[in-house]
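K.L.:
predicted structure and sequence below. I'll ask about it afterward.
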Amino acid sequence: QLQASGGGLVQAGGSLRLSCVASGSISSINPMAWYRQSPGKERELVARISGGSGSSTYYTDSAKGRFTISRDNVKRTVDLQMNSLKPEDTAVYFCNAVGLGTESDYWGQGTQVTVSS
């Protein structure tokens with residue numbers, strides 16, 4: 001249902017763009033989000049974008065000013081542009097679609113982002 005890509009190895013200060021393609025029952029109505037999880041830590045929300053036009057966004061404090069989430073409802077994608085990356089951004093990043101009504105959330109398989117110092 002969700003296929004993430006774009007992770008990799010980058011030096012501190014560099015940029016990466018993550019992309020997630022939705023399929024199946026996930027539609028433009030579903031809010032979308034990116035989470036990340038580092039070894040030994042809980043999965044945390046990084047950024048979220050509202051359904052439809054995506055006019056509403058949320059960023060965790062550490063992502064504000066550096067990351068930008070966007071969606072393209074025609075391509076059925078949600079992207080996370082990450083700039084000024086820091087070693088502490090190293091994690092597996094997961095794409096998420098918020099389930100509607102009684103639906104469960106949808107999760108992608110995760111993509112590794114490694115930022116070297």
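P.N.:
Right, received. Where do you want to start? Quick caveat: nothing in here was measured; it's all calculated off a predicted structure. Numbering: from 1, shown residues only.

K.L.:
point to the residue nearest the middle of this structure.
P.N.:
Trp34 (2.5 Å; CA atoms, centre = their mean).

K.L.:
may I have the beta-bridge partners of that one?
P.N.:
Ala47, Cys95 (DSSP bridges).

K.L.:
pretty sure it is touching Ile69, no?
P.N.:
Yes. Using CB atoms under 8 Å, Trp34 is in contact with Ile69, at 6.5 Å. In short, each C-beta sits where N, CA and C put it, glycine included.

K.L.:
tell me, what's touching those two both at once?
P.N.:
Residues touching both Trp34 and Ile69 by CB atoms under 8 Å, 6 or more residues apart in numbering: Ala47, Arg48, Val78, Leu80.

K.L.:
the first one touches Asp61, doesn't it?
P.N.:
In other words, Ala47. No. Taking contacts as CB under 8 Å, Ala47 lies outside contact range of Asp61: 11.4 Å.

K.L.:
more neighbours, the two?
P.N.:
Taking other CB atoms under 10 Å, Ala47 and Asp61 do not tie; Ala47 has more neighbours (23 against 6).

K.L.:
who's in contact with that one?
P.N.:
Going by CB under 8 Å, 6+ apart, Ala47 touches Ala33, Trp34, Thr57, Tyr58, Tyr59, Thr60, Ala63, Phe67, Thr68, Ile69, Leu80.

K.L.:
alright, calling it a day.
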